[in-house]
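here is my input, please return the structure:
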Amino acid sequence: MERAPTPFRRRRILLVVVLLVGFIYFFGSPLQLPDALKDVSGSVSRANIAQLVKPQKAQKPVDEIYGLIHLVTGDNEQEHILGHTEGLDPTKPVDMGVYAAGTKLDWSKRVRELNDEYPLVVFSKTYCPYSKRAKALLATYDLSPPPKVIEVDLRDDAIQVKHLLTRLTNHGTFPNIIVRGKSLGGADQLQGLHSDKSLRRMLEAAGMTIRGDI
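Have a look, this model is predicted:
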């Protein structure tokens, strides 16, 4: 007398059937899905499934210096967000949302815009002789686009900006000259690059046009 299939055997047979049907469906078969399932299957294809199982490349974090540049180049003199953010500790990493000041930003796109619009940013102090020297030297290059000069001492968040620059660029004095998110240092470093003729190449590589007779 033939014994009835055990529960385990039935599950194994069912699994084989499911795998076989799935294989036939995805790798070619004249079989058609029931109408009730066509709506669901319409959005599923081998390409879709390959995309779903493909490991997603991690998005590279945006350098925080671009958050600071975005903030200081976009706010008005009466809107110094950093000076009015409760609990802000500029000596530690700051959430990019603080720099966005409540707006939702595509930071990858914003970085490209900042590099195009402000490839050269000079954090300066109005009374600082080194800042004056650096600005005077850059003026002889007659750059397009021109340097974006941020006079930090005129801002009520000057202390926060200084601490941020120190942490983000390892340069804690003024001026602090930023080319495409990287600090060149101060007036002495700028003069050195000018003297050895490498400053021109660096500025042109950053997308600036030199119109001065240098």
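
tell me which residues of stretch 198-214 come out buried.
Of the residues in stretch 198-214, 199, 203, 208 count as buried by neighbour count, 16 or more other C-beta atoms under 10 Å. Yep, even glycine has a C-beta here, placed from its N, CA and C like the rest.

repeat for stretch 173-188
Across stretch 173-188, burial judged by 16+ other C-beta under 10 Å covers 174-181, 183-187.

go on, stretch 159-170?
Neighbour counts using 16+ other C-beta under 10 Å place 160-165, 167-169 of stretch 159-170 among the buried residues.

kindly report the same for stretch 70-88.
For stretch 70-88, burial by neighbour count (16+ other C-beta under 10 Å) applies to 70-72, 80-82, 88.

before we move on, back to that, among the buried residues of stretch 173-188, name the ones in helices.
Using DSSP state H, the subset of the buried residues of stretch 173-188 located in helices is residue 187.

the buried residues of stretch 173-188 in strands, which ones?
With strands identified by DSSP state E, the entries of the buried residues of stretch 173-188 that belong to them are 176-179, 183-185.

for the chain, give me the ranges with low pLDDT.
Of all residues in the chain, those with pLDDT under 70 make up the ranges 1-11, 14, 16-18, 20-60, 75-79.

show me the strands in it, by range?
Along the chain, counting by DSSP E, strands occupy 120-124, 143-144, 148-151, 176-179, 182-185, 209-210.

counting neighbours, what do you get for residue 101?
Neighbourhood size, residue 101 [other C-beta atoms under 10 Å]: 15.

these two touch, right, residue 88 and residue 80?
No: applying C-beta atoms under 8 Å as the test, residue 88 and residue 80 come out as separate, 11.6 Å apart.

now, which of the buried residues of stretch 70-88 sits nearest residue 132?
Sorting the buried residues of stretch 70-88 by distance to residue 132 puts residue 72 at the head of the list, at 19.6 Å, by C-beta to C-beta.

what's the nearest residue to that closest one if we skip its chain neighbours?
For residue 72, the nearest residue in space outside its immediate sequence neighbours is residue 150; the separation is 5.0 Å by C-beta to C-beta, 6 or more residues apart in numbering.

and if you look at residue 119?
Once its chain neighbours are removed from consideration, residue 119 has its nearest residue in residue 206; the separation is 4.5 Å (C-beta to C-beta, 6+ apart).

same check on residue 179?
Across the structure, with C-beta to C-beta, 6+ apart as the measure, the residue nearest residue 179 apart from its sequence neighbours is residue 206 (5.1 Å).

give the contact list for residue 176.
Shown in contact with residue 176 (C-beta atoms under 8 Å, 6 or more residues apart in numbering): 122-123, 165, 169, 183, 185-186.
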